[in-house]
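Peer 1: my questions are about this predicted structure, shown below with the sequence.
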Amino acid sequence: MPTGAFTEQLDLPLLLVIAFFLFFLALVYYLRGEDKREGYPLVSDRTRGTGKRMSVVGFPNLPKPKSFLMQDGTLRYAPHADKERDLNMAPAYPFPGAPFQPLGDPLLDGVGPASYALKEDKPLRSIEGHLTVAPMRNNPDYYLEESGPALIGIPVVAADGAPIGTVKDLWVNAVEYFIRYVEIDVNVEGGKTGTLLAPFYFAELHNGRMKFGTLTREQLLRVPTLATSEYITAREEDRLNAYFAGGTLYAKNGAQGPFL
């Protein structure tokens with residue numbers, strides 16, 4: 001019998017290999033459970049035999065809730081029950097997995113490319129506790145480079161060429177140093193007045209005008225408004241960006257497919 005062997009079939013190297021595989025399987029089991037702290041249980045459309053939409057967890061089961069200390073001092077538990085939105089949509093075809101089509105205004109209902117999540121209704125903050133996104137009027141250390149175009153005060157038009165108003169202010173990302181939103185002073189003749197916020201990366205600059213090419217004037221005037229004019233919450237950000245993104249599909253006469 002060779003040195004280190006316990007029997008003719010079992011020795012120390014074999015025990016180490018078995019121990020490694022057992023440890024690896026336990027690690028996979030642990031990690032597979034931990035990654036189910038967000039987004040589970042899944043919701044399946046397999047309604048046959050269930051009477052309604054069913055929840056799918058799979059193996060292993062959901063882990064026990066764990067508390068996480070947030071930056072503002074509050075505790076957040078995961079996994080946790082997600083609050084679902086009431087979606088005004090229906091399957092386009094009568095089989096499981098079929099795409100959903102909106103039944104009302106897809107931009108307001110948040111369907112397809114206009115979909116959004118119910119994130120926390122709080123503004124995002126930096127590690128120091130400052131607002132991540134805020135208007136330039138509240139950030140005197142930020143300014144536009146003089147060699148670039150003067151954006152404040154230029155006219156704003158919609159995708160159909162209709163005037164909306166003028167640029168009132170710019171909201172900047174104070175952490176990554178770029179323009180995030182455009183605050184528009186709305187002034188439509190015989191119509192709506194006030195202010196609205198629009199994502200800067202949907203804007204196009206042409207001949208001294210700023211154009212938002214994904215939404216018509218009527219759709220721009222229905223842009224979701226903020227609860228306050230001094231900051232934007234994570235939930236408001238997600239919905240606002242989804243509204244403009246949805247215009248890439250739904251802006252033109254409610255089109256929901258390719259032109260060709």
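Peer 2: On my side now, so go ahead. Given the structure is predicted, the values throughout are model-derived calculations rather than measurements.

Peer 1: residues contacting Asn61?
Peer 2: Asn61 makes contact with Gly33 under the criterion Cβ atoms under 8 Å, 6 or more residues apart in numbering. C-beta: built from backbone N, CA, C; applies to glycine.

Peer 1: roughly how far does it sit from Tyr29?
Peer 2: 11 Å (Cβ to Cβ, to the nearest Å).

Peer 1: and the nearest residue to Ser115 once chain neighbours are set aside, what does it touch?
Peer 2: Nearest non-adjacent residue to Ser115, counting by Cβ to Cβ, 6 or more residues apart in numbering: Ala242, 6.0 Å away. When contacts are counted by Cβ under 8 Å, 6+ apart, Ala242 touches Gly110, Pro113, Ala114, Ser115, Tyr116.

Peer 1: tell me the SS of Ala242?
Peer 2: helix (DSSP: H, G, I helix; E, B strand; the rest coil).

Peer 1: show me the strands in the stretch 1-150 of the chain, by range?
Peer 2: 42-44, 54-56, 66-69, 75-78, 89-91, 100-102, 133-135 (DSSP state E, counting those that start in this stretch).

Peer 1: list phi and psi for Val188.
Peer 2: Main-chain torsions, Val188, degrees, to the nearest 10: phi -100, psi 130.

Peer 1: show me what contacts it?
Peer 2: Neighbours of Val188 in contact, by Cβ under 8 Å, 6+ apart: Pro163, Ile164, Gly165, Arg217, Leu221.

Peer 1: buried only: go through those residues for me.
Peer 2: Among the contacts of Val188, those buried by neighbour count (16 or more other Cβ atoms under 10 Å) are Ile164, Gly165, Arg217, Leu221.

Peer 1: and which of the residues you listed is nearest Glu183?
Peer 2: Distances from Glu183 to those, taken as Cβ to Cβ, are shortest for Gly165 (10.1 Å).

Peer 1: pLDDT below threshold where in this protein?
Peer 2: Scanning the chain for pLDDT under 70 picks out 1-7, 45-54, 82-83, 190-192, 252-260.

Peer 1: the helices in it, which residues?
Peer 2: Here the chain has its helices, by DSSP state H, at 12-34, 106-109, 217-220, 234-250.

Peer 1: turn these into a markdown table, including distance to Ala92.
Peer 2: Listed next are the helices of the chain as a markdown table, based on distance: least, Cβ to Cβ, whole Å:
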| stretch | distance to Ala92 |
| --- | --- |
| helix 12-34 | 34 |
| helix 106-109 | 13 |
| helix 217-220 | 23 |
| helix 234-250 | 14 |
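
Peer 1: excluding covalently adjacent residues, which one is nearest to Lys36?
Peer 2: Spatial nearest neighbour of Lys36, excluding adjacent residues (Cβ to Cβ, 6+ apart): Leu62 at 5.4 Å.

Peer 1: the one you found contacts Ala78, doesn't it?
Peer 2: No - with contact defined as Cβ atoms under 8 Å, Leu62 does not reach Ala78; the gap is 9.9 Å.

Peer 1: tell me where the stretch 151-260 of the chain has strands.
Peer 2: Listed in chain order, the strands of the stretch 151-260 of the chain (DSSP E, counting those that start in this stretch) span residues 155-157, 163-173, 178-187, 193-199, 203-206, 209-212.

Peer 1: of those strands, which is nearest Asp11?
Peer 2: Proximity to Asp11 (Cβ to Cβ) singles out strand 163-173 among the strands of the stretch 151-260 of the chain, at 60.7 Å.

Peer 1: just the CA atoms of the closest one, as PDB, please.
Peer 2: Provided in PDB are the C-alpha atoms of strand 163-173 (Å, rounded to 0.1, in the frame of the first residue of the first chain):
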ATOM      1  CA  PRO A 163     -42.600  75.200 -31.000                       C
ATOM      2  CA  ILE A 164     -42.600  74.300 -27.300                       C
ATOM      3  CA  GLY A 165     -40.700  77.000 -25.500                       C
ATOM      4  CA  THR A 166     -37.200  77.900 -24.600                       C
ATOM      5  CA  VAL A 167     -34.400  76.300 -22.600                       C
ATOM      6  CA  LYS A 168     -34.700  77.700 -19.000                       C
ATOM      7  CA  ASP A 169     -31.900  75.700 -17.300                       C
ATOM      8  CA  LEU A 170     -29.700  72.600 -17.600                       C
ATOM      9  CA  TRP A 171     -29.500  69.900 -15.000                       C
ATOM     10  CA  VAL A 172     -26.000  68.300 -14.600                       C
ATOM     11  CA  ASN A 173     -24.700  65.100 -13.200                       C
END
